[in-house]
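would you be able to build a 3D model of this:
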Amino acid sequence: IMPLFVGTTAAGSRRMGNLFTERPPRTNGWGEVLDEKGAPVADERDVFSRAPDLVVGSVLARLENFFVEEGRELSEAAHGRTARQVVEEMKHFIGVPVWDLQSSHAGGVSGLWKQWD
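Numbering: from 1, shown residues only. Next comes the predicted model:
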């Protein structure tokens, strides 16, 4: 498994933002928080910090079922791992920062698609 880190792309642009430095719009439960001109207000948190700091029961149940089917036991650590902890750990995996592919020596993003034709 290799995570793909995908940043945002502004309307009308082919340039992708850096997911690690972007600050998504702040939300209030009903939608984006807007300034006096109607523009979205950037959140002070990065996208990773916005993951909920709680254990997601439905995900834990699916993991437990998977491990039972495989004849294995899910670790105790996994039972208490929150969504935010999982996301924080994924930041340290060897992943593909997609925004860097635009200027890669492999022909940019189009270099990926050729492999999948």
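
poorly predicted segments of this structure, please.
Applying pLDDT under 70 to the chain flags residues 1-2, 94-117.

and the strands in it?
Along the chain, counting by DSSP state E, strands occupy 4-5, 96-97.

roughly how far is the first one from the heart of the chain?
Offset of strand 4-5 from its chain centre (CA atoms, centre = their mean, to the nearest Å): 7 Å.

output the contacting helices and strands for it.
Packing partners of strand 4-5 (3 or more CB pairs under 8 Å, 6 or more residues apart in numbering; DSSP states H and E): strand 96-97. Bear in mind the C-beta positions are built from the backbone N, C-alpha and C, glycine included.

tell me how many other residues surround the nearest residue to Leu63 once chain neighbours are set aside.
Distances taken as CB to CB, 6 or more residues apart in numbering put Leu74 closest to Leu63, at 5.8 Å, once the chain neighbours are dropped. By the measure other CB atoms under 10 Å, the count of residues near Leu74 is 15.

got the contact list for Leu74?
63-64, 67 (CB atoms under 8 Å, 6 or more residues apart in numbering).

could I get the residues you listed as a markdown table with distance to Ala83?
As requested, those are exported to a markdown table (distance: CB to CB, whole Å):
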| residue | distance to Ala83 |
| --- | --- |
| Leu63 | 13 |
| Glu64 | 16 |
| Phe67 | 19 |
